[in-house]
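> pasted the sequence and its predicted model underneath.
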Amino acid sequence: MDSRHAVLCFLIVLVLHGNPGAVAEDCSYDRFEMPFCFGATCLAECWMRSVAAGARVKEHTCWGGGALAVCNCLLCRK
């Protein structure tokens, strides 16, 4: 097997194998309405919910704006 084929096989194995650490995580989204949602308030609320659930915040975003905004948290447990 020449070096090009060996490199190609190695890359295919990496792509198909993936990240074994990501499989061990159990992630779920938590969405809730929040008046005047912005980054810091959404992160704080997500963090409080993650502590109660025994998880960690992987990402947080605000959807919409004004008094009817939605905070979206991705909480993951190992």
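Done, it's in. Residues are numbered from 1 along each chain as shown.

> how about the helix or strand hosting M48: buried residues?
Per DSSP states H and E, M48 falls inside helix 39-53. For helix 39-53, a neighbour-count test (16 or more other Cβ atoms under 10 Å) marks T41, C42, L43, E45, C46, R49, S50 as buried. (Glycine included, C-beta is placed from N, CA and C.)

> pLDDT below threshold where in the protein?
Counting by pLDDT under 70, the chain contains low-confidence ranges at 1, 3-24.

> any idea which residue sits dead centre in it?
When the chain is reduced to its mean C-alpha position, the nearest residue by Cα atoms, centre = their mean turns out to be K58, at 4.1 Å.

> quick one: buried residues of the helix or strand harbouring that one?
Here K58 sits within strand 56-63, counting by DSSP H and E. For strand 56-63, burial by neighbour count (16+ other Cβ under 10 Å) applies to R56, V57, H60, C62.

> for the last one, name its beta-bridge partners.
When bridges are assigned using DSSP bridges, the partners listed for C62 are C71.

> that one touches L68, doesn't it?
No - taking contacts as Cβ atoms under 8 Å, C62 lies outside contact range of L68: 11.3 Å.

> if we can go back for a sec, between the buried residues of strand 56-63, which sits nearest M34?
Ranked by distance to M34 (Cβ to Cβ), these are led by C62 at 7.6 Å.

> which residues does the closest one contact?
M34, C37, F38, G39, C42, A69, V70, C71, N72 (Cβ atoms under 8 Å, 6 or more residues apart in numbering).

> distance of R56 relative to R77?
R56 sits at a distance of 8 Å from R77 (criterion: Cβ to Cβ, to the nearest Å).

> brain fart, F32
F32 sits 19 Å away from R77, taking Cβ to Cβ as the criterion.

> can you report how many residues lie near C37?
Counted with other Cβ atoms under 10 Å, the burial measure for C37 works out to 24 neighbours.

> alright, calling it a day.
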